[in-house]
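> Predicted model, plus sequence, below.
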Protein chains: 2
Amino acid sequence: MRAVAIIGVGSTPFGKLEGMGILDLAVSACREALAESRVPREKIQACYLGNFVGERLASQGALAGMVVNRLGLTGIPATKVEGACASGGIALRQGLLGIALGLYDFVLVAGVEKMTSSPTAEVTAALATAGDEEGEMRTGLTFPGAFAIITREHMARYGTTREQIGLVSVKNHGLGASNPKAQFRKPVTLDEVLASRLIADPLRLFDCPPISDGAAAAVLCPAEWARDFHPKPVRVLGSGHATGPATLWEMEDITSFPATVKASREAYQMAGVTSADVQVAEVHDCFTMAEIIATEDLGFFPKGKGGPAVKDGQTGPEGEVAVNPSGGLIAKGHPVGATGCAQVYELVKQLRGEAATQVRNCEIGLTHNLGGTGVVSTVTILGRM
Amino acid sequence: MRAVAIIGVGSTPFGKLEGMGILDLAVSACREALAESRVPREKIQACYLGNFVGERLASQGALAGMVVNRLGLTGIPATKVEGACASGGIALRQGLLGIALGLYDFVLVAGVEKMTSSPTAEVTAALATAGDEEGEMRTGLTFPGAFAIITREHMARYGTTREQIGLVSVKNHGLGASNPKAQFRKPVTLDEVLASRLIADPLRLFDCPPISDGAAAAVLCPAEWARDFHPKPVRVLGSGHATGPATLWEMEDITSFPATVKASREAYQMAGVTSADVQVAEVHDCFTMAEIIATEDLGFFPKGKGGPAVKDGQTGPEGEVAVNPSGGLIAKGHPVGATGCAQVYELVKQLRGEAATQVRNCEIGLTHNLGGTGVVSTVTILGRM
């Protein structure tokens, strides 16, 4: 397989972006990535685009074709991929494989979602399609509900405390405050988290990500040519993509997602590194507890030790592994189809030394994207070149 | 690139399939394809699934992960791809590339749609997301409306007659009558077509495909091993995937789809054949006129001669090129995300000599899948081994 590098990234701000439709968002992020890469447009040979609920919330399907047409790239093969909230990570994976296997030289990868124009009940219903409709969601379960059950089990089994869980939110809102692209730019205190509105007991408002609009994009090429296009290219060292049980009742242990474990093992093996080599990670904190579980499933901490690690500051910007320096889904925002690409955007900035909250001496970073309650996950490992 | 073969196919019947949800449909087609291929399940390394409106009409996202989980293949990377009504063709393309480029040895490819449980107005709105919502569909244009405009232009420019157009429906309903998987199993006369209810002038009810449930699937492996798994494997000779303008007003000529022309050129070149070498084709007759345009864009007939070719019987089972021997979308049915895979199902049966309406001495076949009004197209060329 050929070594692959990222030579340009782009991202819209995340938030309630009035006046920008789903195509405007995707096109904006793609234009920024293309401009940064300095790749002439006629060299782009393919596009992979991640999107989850665009047909429901933005009445827009065939999105990959629409986006390349708006970009003036009409003609090239363009593929929308969807794996619920892991759609962006899957798009990156497909673009990476296209170059690694020698099919393409220059590929545009993007993720996008437009969510804030729809009533909240419609957004909740659209997001619930990430669960098995017949097998579980038809009972009335929502995603906050599912993660509340998971949170209770983690607390009962490992003694994880409400304080430890709340500190994930405090950390991520604090980091989001420094990120000019983040939806929430205001620090919160633990007291504010614990006093915020109850959503699904024990999860409160500040344990959850907002409803967001946004897009992110990246341009990829063979690593050997990368310096011709960008002075600080970032190498894709490893990638994993795996599926897991689709429902809570099929999981042997609801405090761990087998898809994350499998995808990360594949990515570590391909990269020839271990979790101990990772200095910075953007993980899928779709709820506070999801960040704690991710840090365990990815091997940063032993099972059940993710909660204490937050309290001890081990996941802060100066900690053992800086987790979600962007503010994560909780503070940066979670335009669901864009998230996997936005994680890559943040890590590329980190590895170039250009991040809003810069993690010192980082050489290797990891992104982790999750769909549903773990039905699919992607993990990507990036390194400085 | 490695040569790739299809060693098993499966398809549900198409129609209003009461009591079968979207996962049941996909699982049923996949099980049939897996059983035919005799590949042990643990050898399947990846799944690509085409689906278009599952999130809207079946409240089911993350569909590829859900399907592999139900099949007992939990763990393998599974990717849903979407390009409106070309989703199934894109799924086949991705599976083919995975093996051709050496990433995987055994891949499951499928397409599925569940449409008949929703009110017709919801189906029409969901299908309209295949157009550019902001740029065109928001005006109120529907797909029957768009193809009516295209039909009028083809008639005005080339003298194509209402009779020639109606004969596409007569041919396809006649062929569907013999296909046990088809939704419509009754021949129609030209008089019946021309007297059927007006949908969008000049298109009438029998010029349109029905709303359908259904799924189709295929198992792929390297051609060199194919005979170990099936006595009559079918070789994938060529594949093309291209995008085109997303709206009618961006097209230089609305009687031709550049995405089809480009995808077919790529596929012919990869296969080392020309349109004259193709004896049987399943083309995207989402409306009668779409079949005529496809036969021109694919190079079977010169531009403007597709209408007379139907009248002269050149597209019938005994004609120069047998077009849509399955009955096509119009009679077999059009579960939109499944169609690209169902076309492959029919061609594999044809090339094995097992089809319901068997085309004599066919060695090379072509499938053509189209999304929207040509925003994306895939073409696959298959051959006897």
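Alright, I've got the coordinates.
> hang on, A:R152 packs against A:L203?
No - A:R152 is beyond contact range of A:L203, at 9.6 Å (criterion: Cβ atoms under 8 Å). C-beta: built from backbone N, CA, C; applies to glycine.
> Quick one: distance of stretch A:375-385 to the chain centre.
Distance of stretch A:375-385 from its chain centroid, counting by Cα atoms, centre = their mean, to the nearest Å, is 10 Å.
> swap that for stretch A:130-140, sorry
Offset of stretch A:130-140 from its chain centre (Cα atoms, centre = their mean): 23 Å.
> which regions of chain A lie under the pLDDT threshold?
Scanning chain A for pLDDT under 70 picks out nothing.
> in what helix or strand does the residue nearest the centre of it lie?
Centroid check for chain A by Cα atoms, centre = their mean gives A:G340 as the closest residue, at 3.3 Å. Secondary structure assignment for A:G340, by DSSP states H and E: helix A:339-352.
> what sits in contact with each of A:R152 and A:L203?
The overlap between the contact sets of A:R152 and A:L203 (Cβ atoms under 8 Å, 6 or more residues apart in numbering or on different chains) is empty.
> if we can go back for a sec, now do the helix holding A:G340: distance to the chain's middle.
Remark: helix A:339-352 is offset 9 Å from the chain centroid, using Cα atoms, centre = their mean.
> I'd like to check the angle between whichever helix or strand comes after it and helix A:339-352, please.
Later in the chain than helix A:339-352, the nearest helix or strand by DSSP H and E is strand A:364-371. Strand A:364-371 runs at 170 degrees relative to helix A:339-352, counting by axes from the mean of the first three to the mean of the last three Cα atoms, to 10 degrees.
> which residues sit in contact with A:E346?
A:E282, A:P325, A:S326, A:K332, A:A355.
> same thing but 10 Å
Residues counted as contacts of A:E346 (Cβ atoms under 10 Å, 6 or more residues apart in numbering or on different chains) are A:9, A:11, A:179, A:181, A:216, A:280, A:282, A:324-328, A:332, A:355-357, A:365, A:367.
> ok, how many other residues are close to A:G159?
By other Cβ atoms under 10 Å in any protein chain shown, the residues close to A:G159 number 11.
> what number of residues lie near the one residue in the stretch 251-385 of chain A that gets nearest to chain B?
The nearest approach of the stretch 251-385 of chain A to chain B comes at A:V375, 3.9 Å away (Cβ to the nearest Cβ). A:V375 is flanked by 31 other residues according to other Cβ under 10 Å.
> Strands along the stretch 101-250 of chain A, start to end?
Assigned strands in the stretch 101-250 of chain A, in chain order: A:107-113, A:198-200, A:203-204, A:214-222, A:234-243 (criterion: DSSP state E, counting those that start in this stretch).
> My guess is A:N51 contacts A:E113. True?
Yes - proximity of A:N51 to A:E113 meets the contact threshold set by Cβ atoms under 10 Å, at 6.5 Å.
> Now the common contact residues for these two.
Joint contacts of A:N51 and A:E113 (Cβ under 10 Å, 6+ apart) are A:I22, A:A26, A:A58, A:S87, A:G88, A:A215, A:P335, A:V336, A:G337, A:A338.
> biggest separation within the residues you listed, which pair?
A:A58 and A:G88 (15.9 Å; Cβ to Cβ).
> Would you mind telling me which of these two has more residues around it?
Using other Cβ under 10 Å, the more surrounded residue of A:A58 and A:G88 is A:G88, with 38 against 24.
> My guess is the more buried one contacts A:G50. True?
Yes - using Cβ under 10 Å, A:G88 is in contact with A:G50, at 3.9 Å.
> if I look at the two, which residues touch both of them?
A:81, A:109-113, A:215-216, A:336-341, A:369, A:378.
> If we only consider those residues, which is nearest to B:W225?
A:V81 (27.9 Å).
> Could you find the closest non-adjacent residue to that closest one?
Among residues not flanking A:V81 along the chain, A:I90 sits closest, at 4.6 Å (Cβ to Cβ, 6 or more residues apart in numbering or on different chains).
> Pull the contacting residues for the one you found.
Counting by Cβ under 10 Å, 6+ apart, the residues that A:I90 touches are A:48, A:50, A:81-84, A:109, A:111, A:241, A:337, A:340, A:369, A:371, A:376-378, B:64, B:77-81.
> rewinding a little: look up the closest residue to the residue of the stretch 251-385 of chain A closest to chain B, ignoring the ones flanking it.
The shortest distance from A:V375 to any non-neighbouring residue, by Cβ to Cβ, 6+ apart, is to B:G65 (3.9 Å).
> now, which of the contacts of A:I90 lie within strands?
A:48, A:50, A:81-82, A:109, A:111, A:241, A:369, A:371, A:376-378, B:78-81 (DSSP state E).
> Most neighbours of all the residues you listed, which one?
For the ones in strands among the contacts of A:I90, counting by other Cβ under 10 Å, the largest number of neighbours falls to A:G111: 38 neighbours.
> What residues are bridge-paired with it?
Beta-bridge partners for A:G111, by DSSP bridges, are A:G50, A:A216.
> thought it was touching A:F52?
Yes - using Cβ under 10 Å, A:G111 is in contact with A:F52, at 9.0 Å.
> now the host helix or strand of the residue nearest to A:V81: how far from the chain's centre is it?
In the assignment (DSSP H and E), A:I90 maps to helix A:87-100. Put simply, helix A:87-100 sits 14 Å off its chain's centre (Cα atoms, centre = their mean).
> can you give me the angle it makes with strand A:78-82?
Using the same axes, to 10 degrees, helix A:87-100 lies at 140 degrees relative to strand A:78-82.
> State the distance from the residue nearest to A:V375 to B:P302.
Per Cβ to Cβ, to the nearest Å, B:G65 is found 46 Å from B:P302.
> got it, and A:N361?
Distance, A:N361 to B:P302, by Cβ to Cβ: 66 Å.
> do the same with A:T373
On the measure of Cβ to Cβ, A:T373 and B:P302 end up 56 Å apart.
> And the residue of the stretch 151-300 of chain A that's closest to chain B?
A:H241 (4.0 Å).
> show me what contacts that residue?
A:83, A:86, A:89-90, A:92-94, A:97, A:259, A:262-263, A:266-267, A:369, A:376-380, B:46, B:76-79.
> Go through stretch A:156-169 and flag the buried ones.
Buried residues in stretch A:156-169, counted by 16 or more other Cβ atoms under 10 Å in any protein chain shown: A:Y158, A:T160, A:R162, A:Q164, A:I165, A:G166, A:L167, A:V168, A:S169.
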